[in-house]
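*Asks:* My questions are about this predicted structure, shown below with the sequence.
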Amino acid sequence: MPKFAIFSTANFDNAEQRDKVLPVFRAHAERCLKEEPGRALDFKILKDRDDPTKSHAFELFESESSWATHHEGPSVQILRKDCAAVGYDTRSRITAIYLHVAD
């Protein structure tokens, strides 16, 4: 079964909003790597070099089913709650590309 990767883009109203949300994203990435060993293999939060209203994430999972378990799990629920607390809606502001890793 191939590894599963996601490259996502988060869109913000301005750089200030991005800077409020990035710590929430970083906490989510750290939580996933710590609490989902064997499923979450890598998770990077990236600032867009040219556009201060965007950030990106690279996520690597053991398999597509590992990602599905992650996506429905408690860490994503915490992410959504914490983002909402700073006025950011993850469901309408993030786009993603889903990829199988070529071995």
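*Replies:* The structure has been received and is ready for your questions. What you are looking at is a predicted structure, and each value in this text was computed from that prediction instead of being measured.

*Asks:* hey, let's count contacts and neighbours off CA atoms from now on
*Replies:* OK.

*Asks:* My read is that residue 15 contacts residue 53, right?
*Replies:* Yes - proximity of residue 15 to residue 53 meets the contact threshold set by CA atoms under 8 Å, at 5.3 Å.

*Asks:* Tell me which of these two has more neighbours.
*Replies:* Here residue 15 and residue 53 are set side by side on neighbour count (other CA atoms under 10 Å), and the busier one is residue 53, at 17 against 14.

*Asks:* Look up how far residue 17 lies from that one.
*Replies:* Taking CA to CA, to the nearest Å as the measure, residue 53 and residue 17 are separated by 8 Å.

*Asks:* Return the helix or strand in the chain with minimum mean pLDDT.
*Replies:* Within the chain, confidence by mean pLDDT, DSSP states H and E is lowest for helix 90-93 among all helices and strands, at a mean of 90.

*Asks:* And that helix, what's buried?
*Replies:* Residues of helix 90-93 classed as buried by neighbour count (16 or more other CA atoms under 10 Å): residue 90.

*Asks:* and residue 88, that one's in a strand?
*Replies:* No - according to DSSP: H, G, I helix; E, B strand; the rest coil, residue 88 belongs to no strand; its state is coil.
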